[in-house]
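*Asks:* coords please:
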Amino acid sequence: MSKTLEIVHPFAAGIDIGSRSFYVDAGEDRIRVFPTFTADCQAVRDYLLSQRITTVAMESTGVYWVTLYAVLEECGIEVYVVNGRDVKNVPGRKSDVKDCQWLRRLHSYGLLRKSFIPETDIRKVRSYLRLRQDHIRAAATQVHLMQKALTQMNLRLAEVINDISGASGMRIITAILTGERDANTLVEYCHESILKRKKDLVIKSLEGHYSEDQLFALRQAYGTWNYYNALIKECDVEIERQLLHMSKDKDDVEMNAKRKPIRYHKPEIDNLHKPLLKLTGGKDPIGIAGITDYSFLQIVSEVGTDMSAWPSEKHFSGWLKLAPMSASSGKMNKRVRMKRQNNAGLIFRNLAQGLLNSKHLALGAFGRRIRARRGSAIAIKAIARKIACYYYRVMTKGNEFVEKGIEAYENHLKEQKRKQLEKMALQFNMQLVPA
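*Replies:* Predicted structure coming up:
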């Protein structure tokens, strides 16, 4: 006798999300269609409550689902935001009406996986940080435009100093825009360390061929760069305010680990680690190689502070798109078209990229071994997975991570090789003899 599927969610509904309409199947004979305005989102909520719906499934279509999700979440309806890839490969179901019916049927049988969505306060921090990252990228574009304008006037400053957006470079550009043209005067705006090492070279690089059109382009890029930096500072204010709001009722945590310096894009937030440690209950991943308070903030904004959404570190690394794909096993390597990373996984990849050439960390030596065999991309992914696993262990078990360095890692490799040789010798009825 064949076994039929059991109903897991008897009061389930399915919603197909579009830019102009919501198609709602609550189990009635007909499908209800609502526009996407705020009043209509509230009408969807009232309709679902009138039908005694307790859980809803919807696809994560762009950002159109965000407002409806918030409205339904506030009234206590459990919302499953599902990946469209899990339900789209069904022949014959292409219309919006059939999509919402199919979503409801799959959800009622408990066949849909719920996408991870952090809590409301964490989502606010995430929104501020993502906006901040957009401003950082936009500001970097203006730096490139400033460099282009300088180069077209044959001011080769970018070839002499490391970063024209640093203190020395910005002081020189400001002086140029205020009318200064003498190279000997402009060089005095450099930091004393630059003057000691390459003053004559900087003077030579500042002897350019000025033109009005390129000075105009330089002024435009400089003003826009300052504008985006002002926006970044405004984001820092909002992030700090939100963190303080979230941690105001939390107990103070004693800090033991020394904080690492933040080299790039440091948020202007005093004692950034304090609200973060309050939110995590004192669990501090700062000992993990590559993680600073800024990257700690970025990770928390993407995954939250409650790691129970992932039963194990393997689930966590798989969600981050850092685990080997199931289509790849040994010599078998199938081509599968799918999204290979998400925002949280990208944070760990960026951390790993900075560790690949480290001469003192075990993770650097680990990555270089893999790079020699598989290439840089696979090595970065492998390091990122290790960092993610270490982070998961710290946030779930609360153990402090201790970096033991390359020497301990090499000794561990030697011990592994010794055990392998002993096992092979035993198979061939031989014995290892020390040299």
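*Asks:* any idea how far the longest helix seen in the chain is from the chain center?
*Replies:* If you go by DSSP state H, the chain has its longest helix at helix 212-247. Here the centre of helix 212-247 is set off from its chain's centre by 21 Å, with Cα atoms, centre = their mean, to the nearest Å.
*Asks:* which elements pack onto it?
*Replies:* Judged by 3 or more Cβ pairs under 8 Å, 6 or more residues apart in numbering; DSSP states H and E, helix 212-247 is in contact with helix 120-152, helix 167-177, helix 273-279. In short, each C-beta sits where N, CA and C put it, glycine included.
*Asks:* most tightly packed of the ones you listed?
*Replies:* The highest mean neighbour count among the helices and strands packed on helix 212-247 belongs to helix 273-279 (a mean of 21), with neighbours defined as mean count of other Cβ atoms under 10 Å.
*Asks:* show residues contacting it.
*Replies:* By Cβ atoms under 8 Å, 6 or more residues apart in numbering, the surrounding residues in contact with helix 273-279 are 243-244, 246-247, 250-253, 255, 259, 283-284, 286, 293, 296-297, 300, 305.
*Asks:* filter these down to the buried ones, ChimeraX style.
*Replies:* This is the ChimeraX syntax for the buried subset of the contacts of helix 273-279, where burial follows 16 or more other Cβ atoms under 10 Å:
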select :243,246,247,253,283,284,286,293,296,297,300,305
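*Asks:* could you chop this structure up by domain?
*Replies:* Following the assignment in automatic domain parsing, the chain carries domains at 12-108, 122-242, 250-329+337-403.
*Asks:* surely V97 and I31 touch.
*Replies:* Yes: V97 sits in contact with I31 when judged by Cβ atoms under 8 Å, with a separation of 5.1 Å.
*Asks:* so what's the residue lying closest to S205 once chain neighbours are set aside up against?
*Replies:* On the basis of Cβ to Cβ, 6 or more residues apart in numbering, the spatially nearest residue to S205 that is not a chain neighbour turns out to be R156, at 4.1 Å. When contacts are counted by Cβ under 8 Å, 6+ apart, R156 touches 150, 205, 208.
*Asks:* again, but for C389
*Replies:* Residues near C389 by Cβ under 8 Å, 6+ apart: 313, 316-317.
*Asks:* now do V81 against A158, distance only.
*Replies:* Counting by Cβ to Cβ, to the nearest Å, the separation of V81 from A158 is 45 Å.
*Asks:* follow-up on the earlier one: could the contacts of C389 go into JSON lines alongside neighbour count, secondary structure and distance to I117?
*Replies:* Conversion of the contacts of C389 to JSON lines gives the following (neighbours: other Cβ atoms under 10 Å; DSSP: H, G, I helix; E, B strand; the rest coil; distance: Cβ to Cβ, whole Å):
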{"residue": "E313", "neighbour count": "18", "secondary structure": "helix", "distance to I117": "21"}
{"residue": "F316", "neighbour count": "24", "secondary structure": "helix", "distance to I117": "16"}
{"residue": "S317", "neighbour count": "24", "secondary structure": "helix", "distance to I117": "19"}
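*Asks:* residues contacting I347?
*Replies:* With contact taken as Cβ under 8 Å, 6+ apart, I347 is in contact with 295, 298-299, 302.
*Asks:* closest one to N429 among the domains of the chain?
*Replies:* In terms of Cβ to Cβ, the element of these nearest to N429 is domain 250-329+337-403, at 31.7 Å.
*Asks:* in the chain, which spans are strands?
*Replies:* For the chain, strands defined by DSSP state E occupy the ranges 12-17, 21-25, 32-35, 55-59, 78-82, 328-329, 332-333.
*Asks:* give the pairing partners of the fourth one; include direction for each.
*Replies:* Looking at strand 55-59 with DSSP bridges, its partner strands are strand 12-17 (parallel), strand 78-82 (parallel).
*Asks:* show residues contacting the longest one.
*Replies:* With Cβ under 8 Å, 6+ apart as the test, strand 12-17 has contacts from 22-27, 44, 48, 51, 53-59, 61, 64-65, 68, 96-97, 99-108.
*Asks:* now the last one
*Replies:* By Cβ under 8 Å, 6+ apart, the list of residues contacting strand 78-82 from outside reads 54-60, 65, 69, 72-73, 103, 107, 112-115, 117.
*Asks:* now do the contacts for the closest residue to R171 other than its chain neighbours.
*Replies:* Once flanking residues are discounted, R171 sits nearest to Y189: 3.9 Å by Cβ to Cβ, 6+ apart. The neighbours of Y189, taking Cβ under 8 Å, 6+ apart as the test, are 168, 171-172, 175.
*Asks:* what's the answer for A167, then?
*Replies:* The contact partners of A167, taken as Cβ under 8 Å, 6+ apart, are H191.
*Asks:* circling back to that earlier point, gap between the residue nearest to S205 and M424?
*Replies:* Going from R156 to M424 by Cβ to Cβ gives 60 Å.
*Asks:* any stretches of this structure with poor pLDDT?
*Replies:* Counting by pLDDT under 70, the ranges of the chain that qualify are 1-3, 88-94, 325-340, 399-410, 413, 435.
*Asks:* give the contact list for Q427.
*Replies:* Residues in contact with Q427 (Cβ under 8 Å, 6+ apart): none are found.
*Asks:* distance of it from P434?
*Replies:* Q427 sits 20 Å away from P434, taking Cβ to Cβ as the criterion.
*Asks:* cool, L355 as well?
*Replies:* Taking Cβ to Cβ as the measure, L355 falls 35 Å from P434.
*Asks:* the two: which is more packed in?
*Replies:* Each of L355 and P434 had its neighbours counted (other Cβ atoms under 10 Å), and the higher figure belongs to L355 (20 against 3).
*Asks:* which residues does that one contact?
*Replies:* Shown here is L355, whose contacts under the criterion Cβ under 8 Å, 6+ apart are 289-290, 361, 363-364, 367, 383.
*Asks:* pick the one among those closest to Y228.
*Replies:* Each of those was scored against Y228 by Cβ to Cβ, and G290 proved nearest at 26.4 Å.
*Asks:* and for the closest one, the neighbour number?
*Replies:* Each residue near G290 was counted by other Cβ under 10 Å, and the total is 23.
*Asks:* need the strands of the chain in TSV with distance to A309 and mean neighbour count, can you?
*Replies:* Written out in TSV, the entries for those read as follows (distance: least, Cβ to Cβ, whole Å; neighbours: other Cβ atoms under 10 Å):
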stretch	distance to A309	mean neighbour count
strand 12-17	21	26
strand 21-25	27	21
strand 32-35	30	16
strand 55-59	17	25
strand 78-82	13	19
strand 328-329	25	11
strand 332-333	30	8
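*Asks:* brilliant, that's me finished.
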